[in-house]
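Novice: sequence? don't have it. structure:
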């Protein structure tokens with residue numbers, strides 16, 4: 001059974017997922033209260049805690065489609081650049097498969113990269129793009145880290161791509177920092193995200209465009 005955790009704010013909502021997801025995955029997916037919480041309630045909490053900074057953003061949460069995902073995510077997206085974590089760039093809470101940590105990440109769409117014939121080339125392309133994203137918004141250095149993140153992939157292929165696509169952010173261990181710190185981190189990374197969008201036209205000219213197994217280049221990439 002899902003552990004009952006207070007979920008009035010961001011910290012407790014994220015904590016609920018970290019403490020309950022492992023056991024929830026052993027139960028039926030359809031109609032599960034935690035699945036609904038991740039898909040419906042947690043995005044609302046994120047929007048409320050962002051306040052006016054949430055204006056214009058799409059916030060989505062997912063624990064899987066038809067069955068439990070290895071790990072869930074919450075994505076904050078500006079429709080000017082994306083409406084899906086599969087393309088563009090966005091802010092996300094990425095939960096490690098072990099549920100020992102969650103990463104607040106400025107990440108990029110992995111969809112087209114996962115279709116490349118060489119996964120090594122795809123991961124290299126994502127990493128090259130992260131460097132370009134960082135150079136476009138050096139302001140991130142005031143608050144965020146750009147070191148590698150661990151989502152405890154364990155052979156779970158999408159997680160490797162999300163790790164490679166991470167430009168900067170902050171990792172929280174299972175204990176989580178105070179609510180005020182998490183909210184300030186969220187508002188700050190959204191602010192940098194908006195700067196990145198403002199500079200997107202210049203950035204797009206430099207980003208790596210993934211090539212599919214058939215040799216075609218994706219025009220809609222990040």
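Specialist: Now that the structure is in, tell me what you want to look at. Just so it is clear, the model here is predicted, and its values are computed rather than measured.
Novice: Which parts of the protein are helices?
Specialist: Along the chain, counting by DSSP state H, helices occupy 10-24, 33-36, 42-50, 119-136, 157-164, 179-198, 200-204.
Novice: in the fourth one, what counts as buried?
Specialist: When burial is assessed from 16 or more other Cβ atoms under 10 Å, helix 119-136 yields the following buried residues: 122, 123, 125, 126, 127, 129, 130, 132, 133, 134, 136. Yep, even glycine has a C-beta here, placed from its N, CA and C like the rest.
Novice: Ok, the last one next?
Specialist: Burial within helix 200-204, assessed by neighbour count using 16+ other Cβ under 10 Å, is assigned to 200, 203.
Novice: related to what we said a few turns ago, tabulate the helices of the chain (TSV), appending distance to residue 99 and mean pLDDT.
Specialist: TSV is the format used below for those (distance: least, Cβ to Cβ, whole Å; pLDDT from 0 to 100):
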stretch	distance to residue 99	mean pLDDT
helix 10-24	5	97
helix 33-36	12	98
helix 42-50	15	97
helix 119-136	24	93
helix 157-164	13	89
helix 179-198	17	97
helix 200-204	34	85
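Novice: quick one: which of the ones you listed is nearest residue 84?
Specialist: helix 157-164 (13.5 Å; Cβ to Cβ).
Novice: quick one, phi psi at residue 25?
Specialist: Dihedral pair for residue 25: phi -60, psi -20, per degrees, to the nearest 10.
Novice: And residue 194, how close does it get to residue 120?
Specialist: Using Cβ to Cβ, to the nearest Å, we find residue 194 at a distance of 33 Å from residue 120.
Novice: And residue 82, by the same measure?
Specialist: Counting by Cβ to Cβ, the gap from residue 82 to residue 120 is 25 Å.
Novice: Pretty sure residue 87 sits against residue 113.
Specialist: No. Residue 87 is beyond contact range of residue 113, at 10.1 Å (criterion: Cβ atoms under 8 Å).
Novice: That'll do, ta.
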